[in-house]
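>>> Generate coordinates for the sequence data below:
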Amino acid sequence: MIFANLERLPPDPILGVTAAYRADPEPGKIDLGVGVYRDADGNTPVPGAVREAERAVLAGQTTKTYVGPAGNLEFNERIVELALGPLARELRDRTATIQTVGGCGALRIGAELIHASTPHAVVHVSDPTWANHAPLLGTSGLALEHYPYYDVATRGVAFERMIDHFGRLPPESIVLLHACCHNPTGADLDAEQWQAVADVCAARSLVPFVDLAYQGFGDDLETDVRGLRLLAVRLPQLLLAVSCSKNFGLYRERTGALAIVGEGPAVAAAIASHQTRTARRMYSMPPDHGAAIVAHLLATPSLRAQWQEEVAAMVSRMKSLRELLAARLARRRPDLDFSWVTRHRGMFSLGGIGGEAVAELRARHHVYVPPDGRINIAGVSEANVDRVADGIGAVLG
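I've put the predicted structure just below:
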């Protein structure tokens, strides 16, 4: 029996929260763990502009034939333009882009290419970082190390320690950076800090691998990529993993892209050949549906404008929820500072809820968060904010 030696593995630390939540019979239970946007009714909506684009794609579709290992070429061009803006045209000859199976696929193909080119390369990830970064990158064969990022005392970026760490890295070290809406902390770099990161990367010949999973979810579509664009201007090489799950609401369509900026057109052409061969060996060709929707939406001015308004409304709601939660927490625990809740950006915040507190939050208050205490702000609502604040306020030391 070829599978007889396999032992059952423990549940994924984040997906396991969802399973535990579903098993809880308490009618007032609250899920703050799952990493999806939710509206005031607790639903994860499909933006109206995305629905309209999908209708147009289906109405005009005449075939279901393969799109090729590189994916939807119009999508590839338009998603890079969304991320890099006018720089996309300037860097076109140096950029190799492939449509991937979500942002996860982009991270993995990027790791495979790094390993194929430089097997002994080390990828430095933030401490902490998204739980799936380590398995996606590390199981490619690359070595992983951590750089200081989060200051538990201030609930902000430990920037001096981070920059000092970068300044001691050997040339061509890979540094994985969150473009915006840092997952799990919610603590983002400001404009001045991004400038310092670009300076040290240029001085030390470091190679940024930028994870762009939440463009538009921090402040707006332009502000959220200012650091990325600065790096693209300053550095000769850069990897960019893009996800369309959050801002387009295309979670289950698994729509993403990997764009790599090389030192010149010949390097970009070589990278592109390895991108497609790697994809061919892993899953052959990506699904087209989500990519076709995004391509059509971004190419249609009215739909693009509508989508931008819808993304802005989601961001406005999340910022309002942060203000609401911070106020309710402060009312319950005036001895503690909750200003970090409103300083953080995106869907997540890391607020110092430890292991025992996480268990107590579940058992006594039926509020579910991952083991690291990450809070999904989009899971808070006017209907449940008091229960969330009661629970968190009670378990914090």
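>>> Please, where are all the strands along the protein?
30-31, 95-101, 122-127, 143-148, 150-151, 156-157, 174-178, 207-212, 238-243, 255-261, 348-350, 367-368, 374-376 (DSSP state E).
>>> What are the contacting residues of the first one?
Yep, that's strand 30-31 we're talking about. For strand 30-31, the surrounding residues in contact (C-beta atoms under 8 Å, 6 or more residues apart in numbering) are Val17, Thr18, Tyr21, His366, Val367, Tyr368, Asn376, Gly379, Asn384, Arg387, Val388, Gly391. C-beta: built from backbone N, CA, C; applies to glycine.
>>> and the third one, how many neighbours?
This means Tyr21. Tyr21: 19 surrounding residues under other C-beta atoms under 10 Å.
>>> which residues sit in contact with Pro236?
Val261, Gly262, Glu263.
>>> now the helices for the stretch 1-150 of the chain?
In the stretch 1-150 of the chain, the helices defined using DSSP state H, counting those that start in this stretch lie at 15-23, 48-60, 73-84, 87-90, 102-117, 133-138.
>>> Single out the most deeply packed of those.
Of all the helices of the stretch 1-150 of the chain, helix 102-117 has the most neighbours on average by mean count of other C-beta atoms under 10 Å, namely a mean of 23.
>>> how big is the angle separating that one from strand 174-178?
On the basis of axes from the mean of the first three to the mean of the last three C-alpha atoms, to 10 degrees, helix 102-117 is oriented at 170 degrees to strand 174-178.
>>> Mind exporting the C-alpha coordinates of helix 102-117 to CSV?
Provided in CSV are the C-alpha atoms of helix 102-117 (Å, rounded to 0.1, in the frame of the first residue of the first chain):
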residue,chain,number,x,y,z
GLY,A,102,-3.1,33.3,-7.9
GLY,A,103,-0.5,35.2,-6.0
CYS,A,104,0.6,31.9,-4.4
GLY,A,105,1.5,30.6,-7.8
ALA,A,106,3.5,33.8,-8.5
LEU,A,107,5.4,33.4,-5.3
ARG,A,108,6.2,29.8,-6.0
ILE,A,109,7.2,30.2,-9.7
GLY,A,110,9.4,33.1,-8.6
ALA,A,111,11.1,30.9,-6.0
GLU,A,112,11.6,28.1,-8.5
LEU,A,113,13.3,30.5,-10.9
ILE,A,114,15.6,31.9,-8.2
HIS,A,115,16.5,28.3,-7.2
ALA,A,116,17.1,27.3,-10.8
SER,A,117,19.4,30.3,-11.4
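>>> I'd like the average pLDDT over it.
The average pLDDT for helix 102-117 rounds to 98.
>>> mind putting the helices of the stretch 1-150 of the chain in TSV, distance to Gly346 included?
Listed next are the helices of the stretch 1-150 of the chain as TSV, based on distance: least, C-beta to C-beta, whole Å:
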stretch	distance to Gly346
helix 15-23	18
helix 48-60	20
helix 73-84	16
helix 87-90	23
helix 102-117	14
helix 133-138	16
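>>> Least reliable of those helices by average pLDDT, please.
Across the helices of the stretch 1-150 of the chain, helix 15-23 gives the lowest mean pLDDT, at a mean of 85.
>>> With Ala56 as the reference, name the closest of the strands of the chain.
strand 255-261 (16.4 Å; C-beta to C-beta).
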